[in-house]
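Engineer: Provided below are the primary sequence and the corresponding predicted coordinates.
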Amino acid sequence: MILPEEYARQNIDAQLIQIGWAIQVYKHINLNASIGIAVREYPTDSGAADYMLFIEDSPVGVIEAKKESTLLTAVHEQAIRYASGRIKWFVNSKPLPFIYESTSKDHKAFMAGLKLVYKADTKSIAEEEMNNLEEKWVKKYQLLLNPGGITGII
C-alpha cells in the first residue's frame with residue numbers, strides 16, 4: 001500500500017519529468033545529467049528536503065511533498081528551514097530563491113512556468129520569466145515573498 005505522501009511524491013516526480021526535470025536520489029546524484037535536476041531527500045543542516053532543485057549544478061530551491069489533505073501553511077516553516085540552512089556540499093550565504101510545499105495540486109502548471117526560467121537563453125529573459133511566474137502565483141495563492149525570491153504553496 002502506498003502512503004499518501006509517497007503518492008504525492010510519485011505525482012510530483014511524474015510532473016517534473018514531463019516538463020524536462022531529471023529526478024535523482026541523493027545517494028546516486030549526478031548534477032551533470034541535466035540542466036534541471038530534482039534530488040530527492042537532499043540533506044541540509046535542518047534535515048532532508050523532499051526535493052532539492054538544481055539548475056546548472058546550483059541549488060535554487062526546495063519542494064516539500066505532503067499528502068493532499070495536509071494544510072500546507074503548517075509545513076511552510078519546515079521548507080524555509082531547508083532553504084535557509086546549510087546545504088550539503090555547497091556554500092550558500094543566503095536562502096534559496098524557490099521554496100515550495102506541494103501536494104501535487106497545480107504543481108504541473110507551476111513547474112511549466114519554472115521551466116521557462118531555467119530554459120531561458122539569457123539571464124535577462126530568465127529574470128523576466130521569473131517575474132511572470134511570481135506574478136501569476138502570487139495572485140492565485142497569495143504566496144509569501146522572501147528577499148531571495150518566491151516562496152510558494154502549490
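Structural biologist: All right, it came through fine.

Engineer: tell me where this structure has helices.
Structural biologist: Shown for the chain, the helices assigned by DSSP state H span residues 4-18, 76-84, 107-118, 123-141.

Engineer: dump those to a markdown table, plus distance to Asn32.
Structural biologist: The way it works is simple: take the backbone N, C-alpha and C, and place the C-beta from them, glycine included. Shown next, in a markdown table, are the helices of the chain (distance: least, C-beta to C-beta, whole Å):
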| stretch | distance to Asn32 |
| --- | --- |
| helix 4-18 | 18 |
| helix 76-84 | 23 |
| helix 107-118 | 15 |
| helix 123-141 | 20 |
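
Engineer: dump the ones you listed to CSV, plus distance to Ser46 and mean neighbour count.
Structural biologist: As requested, the helices of the chain are exported to CSV (distance: least, C-beta to C-beta, whole Å; neighbours: other C-beta atoms under 10 Å):
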stretch, distance to Ser46, mean neighbour count
helix 4-18, 18, 17
helix 76-84, 4, 20
helix 107-118, 23, 19
helix 123-141, 24, 14
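
Engineer: make CSV from the ones you listed and add distance to Phe98 and mean pLDDT to it.
Structural biologist: Compiled in CSV, the helices of the chain are given as follows (distance: least, C-beta to C-beta, whole Å; pLDDT from 0 to 100):
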stretch, distance to Phe98, mean pLDDT
helix 4-18, 13, 81
helix 76-84, 8, 80
helix 107-118, 7, 72
helix 123-141, 9, 74
